[in-house]
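sequence and computational prediction follow.
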Amino acid sequence: MSLLSVPTTSALPSSQLVPANHPAVTRILYRLTRPSLLSLVLDWLDERNQETSAPYLLSPDDEDDEQDFYPPASSLPALREIYTDLQARKGSKRDVVDRILEGDWRDGISLYQLAMADMQYLYDHPASQKWTALKIVRLSTDSSAPDEKEHPSIPRFHPATFLRNLQREALPDVKAHYNLDRHPTLPLLILRIFILESPYNTGLALHSAKERATFDASKTFYVAFPDFSPYIYISLAATPSSAPGSVSTSADNKSLRKLMLEGIPKAFSKPRDRFKLEGTSLSAKNLDALVERRGGGKTNAAGGGWGVYAEDKKKESDNPLNVQLPTPESSVQEGEGDQEAIEATEKKRSMKRKRAEDVSVMKRRKLVAKGRFGNSAKPDDGKGIERLDVRLEDHFPTISTSPEEGPESVDAEEPIKKDKKQKGRRSTITLELDRTEDDDELSGDGWRPDVRLTFHGQHVFAGVRELVEAGIVDGEKMPGWMTGEEGVSVGVVKDGRIRGNKGSVL
Amino acid sequence: MIPPTDDSIPEDPIGAQLDNEISALHEQISALKAQRSIQASTILSSQSTRLTLNRLRASQKQVKPSPTTTDTTPLLSASTAQLSHSRENLYRLCAGITTFRIQDPDPNAVDDGKVLGLRIDVASSGKFLRPYYIMLNKPFPNSELLRVHRHTIPPCIPLSLLVDRYLPHGKGSASMGSKEPGARKQDLRRFARALRKEVVGHHNRVGVIKSLRKEFKLDEKVSRKGKGRERVIADISAADAEAKQVRIEWVDGRIGRCVVGDEGEVRKCVVIGEEGRDFETERRVARGGMEGIGERLREGIY
């Protein structure tokens, strides 16, 4: 630690030590489970990490202190052995944390170690952060520039350059520590930004800010960069209630966060090639879902039932060299699907009020669900979003449309069905389309009740699919946004479609 | 009094054996089924089968159908379906871009859910890849303007740029058949061609980088002791999503970056080592197409 603390604009060094008795250090370490804590410690003890996470070792001229509860190890391999032993043995987490803080890292934990611990927590608890997908768009004054072809559609992401530029955007009285990490399974690079309000980048910064809750969760935030994709995901503020600070500090944090967020597109930019961030109305806790909807693959604009076109099937059925007639999977499984489907509808018509539990009806529903959802929205695919907010701006169903829906409305036994009925009146839509050319402007005719729906659950669209399969939601009349094919988590529905898109994805 | 443990020990190997047998039989069944479908399609697609079926049908028309004669209608329809499938495959093989119709399942879909699908078939390194799809619809009432509805084009292909250029749907754009002067006309044909060019170019570049890696044996393990030539190139990889920039790393610490144009030609190249730029290698790399980089590098080394 240098003796002089000079205000600077550089970032906090990774090797900067945080006192081991700092409450935040204890808290961060205690959040981890014992196995992941031990594997983390073994990572710290790796040869390559010695610059930033060296433990306290016994130096040759030191005397063995009898009072020392945790006598320091003499060498790295010896220490590594101790922790490997701990891994094999059973014990409490407290023992391990105590050993780390009072024994082997008694001088302090470096910022890098804290970042690693935080990242480990993030990997252990994937749903601990809520991510919002943003699109990086080129900021061009003249959209029809002739040399636009020269620019790639995706800004190049070079981590070192990006961090240097981002640091330049940070204010001089704010210090940040950056840590980049590769996600173990997903094609993502996660940047952890830890913000400290201090003009110094030495230990003084940590000490002076100690009284105020320096390490509250809202001052760290994460940015994820999916590979080969024009999107980034940022973690939203964790619940502000977790921060012990007063209202004013949380407002400060908000502005800090905003500053960082504004810095990101600038860090992507270079002279004559500037970028801005745009919302994509998708946020979820599940990174898998985000990578699928806003990643670098084929599935971005083919959600829901359209996903069958983007799947990578193992058997080469969609290959022009395949001579065999393509047989739809469903019909292979269900036998003669068409025949039964017809029978099923006939049966359904003849016994409206009966709770249809027949095998053929169930099969038919499954087929309908398959048609609408494809192979997406399976409860176990791990790609669920946990919340879908929709505002409906449709016309209230008029009397003229009610006769044609007569037979169906008898089926409506569940209250949820009644909800669904309000969306998407086909005939009104076509009428509306015929009457007004520009349907984006809100026409004064008709009553548009303000209906807001929130779907909430572990995997919203899998839930909707299950409802379709159970016959609670009519799979054929269900509007498209309920299948998740729009790939948004917030939206305004007008004329049965998410507004602003007209069902398009560009 | 402990029969369950006693029983389970001798039973286990038998159970495992049975499981193995069952799974082997299942595998056999699926293999046989696949074989059967291949055989069926081969028989159905042959010319003589069709002729025989037609002749059979003609002869059956004359005599009254009796229960002993086989009904040829399903066979004929299967044969027709097979024929149309083969034809479709042939078009896909030769044209590269094919169209088909889809019905949008969304009951609120625009234009009664009529969707035009474009299929782009791309082959790379001797194999057909999963085709790319673009679904277009006509969302504007009283207008024939097309718009991209769904697609499976990865973001590294500048789709929106191509849409802006060939399928504009903003103000002042006109549909394909219109005679309006001065309007920006949509052109689906040129759009599809340009898009396919981008897709194929992307795969070609990725393929060239892959073959360069193979050429310098970068994906093999280095464990062979002293065998063969010493490694000179440490890494070759694509530096951006579009694979238009190639990063080359030498074992001695030199780092090179070359920019590849649309036609696969090396446009620019920079190689920097510890003693500054290595102009000779730069010139060598930038002398021709991207696929020749390996050969030209080798000339310089050996």
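Received the coordinates, thanks. Numbers count the residues shown, from 1 in each chain, chains lettered A, B, ... in the order given.

give me the buried positions along stretch A:119-138.
Going by neighbour count (16 or more other C-beta atoms under 10 Å in any protein chain shown), the buried part of stretch A:119-138 is A:119-122, A:129-136, A:138. No exception for glycine: its C-beta is placed from N, CA and C like everyone else's.

reformat the residues you listed as a markdown table; add distance to chain B.
Converted to a markdown table, the buried residues of stretch A:119-138 look like this (distance: C-beta to the nearest C-beta, whole Å):
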| residue | distance to chain B |
| --- | --- |
| A:119 | 25 |
| A:120 | 28 |
| A:121 | 30 |
| A:122 | 25 |
| A:129 | 23 |
| A:130 | 23 |
| A:131 | 18 |
| A:132 | 18 |
| A:133 | 12 |
| A:134 | 14 |
| A:135 | 10 |
| A:136 | 11 |
| A:138 | 10 |
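
can you flag which of these belong to helices?
A:119, A:120, A:121, A:122 (DSSP state H).

could you measure from the first one over to residue A:386?
Yep, that's residue A:119 we're talking about. Residue A:119 sits 22 Å away from residue A:386, taking C-beta to C-beta, to the nearest Å as the criterion.

any idea which helix or strand carries the closest residue to residue A:473 other than its chain neighbours?
Leaving aside its sequence neighbours, residue A:473 sits nearest to residue A:467 (C-beta to C-beta, 6 or more residues apart in numbering or on different chains; 4.3 Å). Using DSSP states H and E, residue A:467 sits within helix A:460-469.

now do residue B:76
helix B:73-95.

can you give me the buried ones in that helix?
B:75, B:76, B:79, B:82, B:85, B:89, B:91, B:92.

thinking again about what came up before, so which elements touch the helix holding residue A:467?
Counting contacts by 3 or more C-beta pairs under 8 Å, 6 or more residues apart in numbering or on different chains; DSSP states H and E, helix A:460-469 is packed against helix A:359-373, strand A:387-392.

so which bits of the longest strand seen in chain A are buried?
Criterion DSSP state E: the longest strand present in chain A is strand A:274-284. For strand A:274-284, the neighbour count (16+ other C-beta under 10 Å) marks A:275, A:276, A:277, A:280, A:281, A:282, A:283, A:284 as buried.

the fifth one against residue A:499, yeah?
No - the pair residue A:281 / residue A:499 is not scored as a contact, 10.7 Å apart, by C-beta atoms under 8 Å.

hmm, back to that, and which of the buried residues of helix B:73-95 is nearest chain A?
residue B:92 (3.8 Å; C-beta to the nearest C-beta).

OK, contacts around that closest one?
A:320, B:98, B:119, B:121, B:131 (C-beta atoms under 8 Å, 6 or more residues apart in numbering or on different chains).

if we use 7 Å, what do you get?
A:320, B:98, B:119, B:121 (C-beta atoms under 7 Å, 6 or more residues apart in numbering or on different chains).

mind checking the SS state of residue A:69?
coil (DSSP: H, G, I helix; E, B strand; the rest coil).

tally of neighbours for the closest residue to it other than its chain neighbours?
Using C-beta to C-beta, 6+ apart and skipping residues adjacent in sequence, the residue nearest residue A:69 is residue A:102, 6.7 Å away. Neighbour count of residue A:102, defined by other C-beta atoms under 10 Å in any protein chain shown: 14.

next: the one 4 residues further on.
The burial count assigned to residue A:106 is 17, neighbours taken as other C-beta under 10 Å.

so what's it closest to, chain neighbours aside?
Closest to residue A:106 by C-beta to C-beta, 6+ apart is residue A:56, at 5.3 Å.

gap between the one you found and residue A:477?
Relative to residue A:477, residue A:56 is positioned 68 Å away (C-beta to C-beta).

in contact with the residue of the stretch 151-300 of chain B found nearest chain A, which residues?
As assessed by C-beta to the nearest C-beta, chain A sits closest to residue B:241 within the stretch 151-300 of chain B, at 3.6 Å. Going by C-beta under 7 Å, 6+ apart, residue B:241 touches A:154, A:228, A:296, B:156.

now, which of those sits nearest residue B:13?
Nearest to residue B:13 out of the contacts of residue B:241 is residue A:296 (C-beta to C-beta; 48.7 Å).

contacting residues for the closest one?
A:187, A:226, A:227, A:228, A:229, B:154, B:155, B:156, B:241.

quick one: the residues you listed as CSV, columns for secondary structure and distance to residue B:282 too.
Listed next are the contacts of residue A:296 as CSV, based on DSSP: H, G, I helix; E, B strand; the rest coil; distance: C-beta to C-beta, whole Å:
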residue, secondary structure, distance to residue B:282
A:187, coil, 32
A:226, strand, 33
A:227, coil, 28
A:228, coil, 27
A:229, coil, 31
B:154, coil, 31
B:155, coil, 31
B:156, coil, 26
B:241, coil, 24
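
filter those residues down to just the buried residues.
Neighbour-count burial (16+ other C-beta under 10 Å) applied to the contacts of residue A:296 gives A:226, A:227, A:228, A:229, B:154, B:155, B:156, B:241.

show me where chain B has helices.
B:3-45, B:47-62, B:73-95, B:159-166, B:188-215, B:279-285, B:293-301.

domains for the chain, by residue range?
Unless you meant another one, I'm taking chain A. Following the assignment in the TED database, chain A carries domains at A:20-107, A:127-140+A:152-239+A:250-300, A:358-396+A:446-505.

that's the other chain; I wanted chain B
B:89-170+B:187-208, B:212-218+B:230-300.

what's the closest of these to residue A:32?
domain B:212-218+B:230-300 (34.2 Å).

what about that closest one, start to end distance?
Domain B:212-218+B:230-300 has an end-to-end distance of 16 Å (C-alpha to C-alpha, to the nearest Å).

circling back to that earlier point, dump the domains of chain A into CSV; add mean pLDDT as well.
Output for the domains of chain A, formatted as CSV (pLDDT from 0 to 100):
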stretch, mean pLDDT
domain A:20-107, 81
domain A:127-140+A:152-239+A:250-300, 79
domain A:358-396+A:446-505, 82
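
nearest to residue B:292 among these would be which one?
Across those, residue B:292 has its closest neighbour in domain A:127-140+A:152-239+A:250-300 (23.7 Å, C-beta to C-beta).

so what's the residue count around residue 270?
In the absence of a named chain, this looks at chain A. Residue A:270 has 13 neighbours, counted by other C-beta under 10 Å.

try again with chain B
The number of residues packed near residue B:270 is 16, by other C-beta under 10 Å.

check what pLDDT the closest residue to residue B:215 other than its chain neighbours gets.
For residue B:215, ignoring the flanking residues on the chain, the nearest one in space by C-beta to C-beta, 6+ apart is residue B:294 at 4.2 Å. Residue B:294 carries a pLDDT value of 84.
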